[in-house]
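Peer 1: Got a sequence here, can you build the structure:
(one chain, ligands or ions: 2)
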Amino acid sequence: MLITVRELHRVYQVGDEKVHALNGVDFDVAPNEYLAVMGPSGSGKSTLMNIIGCLDTPSSGSYKLKDREIGKLTDDELAQIRNQEIGFVFQTFNLLPRADALHNVELPLVYAGLKHEERRRRAREALEMVGLKDRMKHRPNELSGGQRQRVAIARALVNKPSIILADEPTGNLDSATGEEIMAAFETIWKAGNTVILVTHEPDIAQHAHRIVRMRDGRIASDERRSGDGDGAAFRPSGVRAGDPAQEVRR
Ligand SMILES: Nc1ncnc2c1ncn2[C@@H]1O[C@H](COP(=O)(O)OP(=O)(O)OP(=O)(O)O)[C@@H](O)[C@H]1O
Ligand SMILES: [Mg+2]
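Peer 2: Numbering: from 1, shown residues only. Ligands and ions are numbered 1, 2, ... in the order given. So this is what the prediction gives:
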């Protein structure tokens, strides 16, 4: 299993109050899955993504990435895993405004200590993968919203991570541009990567092969597509809302 999450809790202390952002999350992700996380605002989606992305650690419970217990790692080890295994895409693209697309995508490789030629080669390859071969010299303000987000996706890809995490990657885009982004994720998934994205939009979620719904810091439902083509309906699998096994733990 690529990701194994058990009884995961994340509690934030705000003044005298404790906020239970994650309240006992259990789920697994196999390599090369393509899943969408949905759920109301405040249900814990970003908190879960941040933990899976090794940007945050749980208050209790277990998160294993490729059989390594992430909560037990030092900050240096966490940073290393983050660089090697995770590519993050955010709602606001977080690009450097003065750098062109190629330089923006190269940046993670500078931190990884790669030589100039190799950086260039890999950044070009990643930009081609998201369909931006002819926009490499454009700065962010010379690109459309969808193109900017595709640069951000190329940047997330350039380290060849095993997992791409995207937190509302189409949240700031119109629906036509959203489809552009989804085409890029489809290519990435077909290349063998694992894609996990958070979205509020059912149309976007339909591109995934599995939909996990969160509510109050827990997984409320987990449905998989039956796999007979694009129009296939989602069928429930794993944990369901009102599943007796889940109810016992509450
Ligand atoms: N740094 C923090 N300190 C305190 N509370 C936090 C912090 N981050 C998140 N929370 C709280 O934890 C809960 C879950 O937040 P989270 O950001 O995971 O929700 P979300 O499902 O991503 O929501 P949205 O759809 O609005 O992005 C919320 O009630 C939020 O207020
Ligand atoms: Mg969020």
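
Peer 1: what element comes up after the longest helix seen in the chain heading to the C-terminus?
Peer 2: The residue-count maximum for a helix in the chain (DSSP state H) belongs to helix 175-190. Once the chain leaves helix 175-190, the next helix or strand it forms, by DSSP states H and E, is strand 194-198.

Peer 1: Quick one: check that next one for contact with ligand 1.
Peer 2: No: if you take Cβ under 6 Å from any ligand atom as the test, strand 194-198 misses ligand 1, and the best it gets is 6.7 Å. C-beta: built from backbone N, CA, C; applies to glycine.

Peer 1: That strand vs helix 175-190, what angle?
Peer 2: Relative orientation of strand 194-198 versus helix 175-190 (axes from the mean of the first three to the mean of the last three Cα atoms, to 10 degrees): 150 degrees.

Peer 1: Off-centre distance for strand 194-198?
Peer 2: 4 Å (Cα atoms, centre = their mean, to the nearest Å).

Peer 1: contact partners of the helix or strand just after it?
Peer 2: Scanning forward in sequence from strand 194-198 by DSSP H and E, the next helix or strand is helix 202-205. If you take Cβ atoms under 8 Å, 6 or more residues apart in numbering as the criterion, helix 202-205 is touched by 36, 38, 170, 175, 178, 182, 197, 199, 211.

Peer 1: Please repeat the previous calculation with a cut-off of 7 Å.
Peer 2: Contacts to helix 202-205, defined as Cβ atoms under 7 Å, 6 or more residues apart in numbering, come from residues 36, 38, 170, 175, 178, 182, 199, 211.

Peer 1: And these, which is the shakiest by pLDDT?
Peer 2: In terms of pLDDT, S175 ranks lowest among those, with 89.

Peer 1: Can you check the pLDDT for the closest residue to that one other than its chain neighbours?
Peer 2: Spatial nearest neighbour of S175, chain neighbours left out: D203 (6.9 Å); criterion: Cβ to Cβ, 6 or more residues apart in numbering. At D203, the model reports a pLDDT of 93.

Peer 1: Repeat that for R224.
Peer 2: 93.

Peer 1: What parts of this structure come near ligand 1?
Peer 2: 12, 14, 19, 21, 39, 41-47.
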